[in-house]
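Engineer: just the structure for this:
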Amino acid sequence: MFEIEYIFREEDLIHFNEVQLQQNDEVLNNIRKNRLVFPGALVIIGIFYYLYYGDMMTAAYISSIAILWALLSPKIMMLDMRRQIMKNYTEKEKADMFGRYTLKIEPDHLLEISPSGKHKMPWNELIRVEQEGDHYVYIFISLNTALVIPAKTVKKGKLKEFAEQVQSMIDRKG
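Structural biologist: A predicted model of the protein is given here:
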C-alpha cells in the first residue's frame with residue numbers, strides 16, 4: 001500500500017503551532033490590541049505635547065516610538081510564542097518527536113513508525129487532512145494536534161498522492 005518517509009524537525013513543529021495560533025481569535029485580538037491601543041495612547045500624548053507645550057521634538061520622539069511599537073510588537077510576540085512552544089517540551093520528548101518518520105496506509109489504520117516507536121491510528125480516530133500549499137500536509141488526530149509532514153524533507157513516496165489516499169481512507173472508514 002501507500003507509504004511515505006520524511007524527517008520531522010523543530011522548525012516544522014514551530015510552523016504548525018504558529019499556524020494554529022494565527023487561527024486563534026483570542027491571540028489575534030491580543031496582537032491587535034497590543035498593536036493599536038498602546039501606540040494610540042502614545043500618539044495622543046505626542047499630540048498633547050505638541051499642542052499644549054509646542055514641543056515638536058518630544059512629540060516626534062513619542063510618535064516615532066508609537067510607530068515602532070506598532071510595527072515591531074507583533075514580530076516580538078511571535079518570537080516569544082516560538083520560545084514558549086519549545087519550552088513546553090522536555091529534552092526526552094523532543095528526542096522522541098524529531099527525526100525520521102514512516103507512515104503506512106493499512107486497511108484498518110495508519111501506521112506511524114517514529115523515533116518514539118510504532119503507533120497504529122485507526123481511521124475513525126483521524127479527523128481530516130489539510131494541505132498548506134506545496135509546503136506541508138497535516139493529518140489531524142484531534143482539533144489541534146496533527147502529524148506534520150513537511151514536503152521539503154520527504155525521502156520516499158509522493159506526498160500529494162499519499163495525502164489524497166489518507167483523506168479517502170478517513171472518509172471511507174471514519
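Engineer: any idea how this structure splits into domains?
Structural biologist: The chain breaks down by automatic domain parsing into domains covering 3-10+90-173, 16-87.
Engineer: least confident of the ones you listed, on average?
Structural biologist: Ranked by mean pLDDT, those end with domain 16-87 at the bottom, a mean of 87.
Engineer: just the strands in the chain please.
Structural biologist: Counting by DSSP state E, the segments of the chain that form strands are 3-8, 99-105, 109-114, 117-122, 128-132, 136-140, 146-150.
Engineer: angle of the second one against strand 146-150?
Structural biologist: Orientation of strand 99-105 against strand 146-150 (axes from the mean of the first three to the mean of the last three Cα atoms, to 10 degrees) gives an angle of 110 degrees.
Engineer: what lines up beside strand 99-105 in the sheet?
Structural biologist: Partners of strand 99-105 in the sheet, by DSSP bridges, are strand 3-8 (antiparallel), strand 109-114 (antiparallel).
Engineer: which of the residues in the first one are buried?
Structural biologist: Under the neighbour-count criterion of 16 or more other Cβ atoms under 10 Å, strand 3-8 has 4, 6, 8 buried. Using the backbone N, CA and C atoms, a C-beta is placed for each residue, glycine as well.
Engineer: burial check on the closest residue to the first one other than its chain neighbours, number of neighbours?
Structural biologist: Across the structure, with Cβ to Cβ, 6 or more residues apart in numbering as the measure, the residue nearest I4 apart from its sequence neighbours is G157 (3.5 Å). Using other Cβ atoms under 10 Å, G157 has 16 neighbouring residues.
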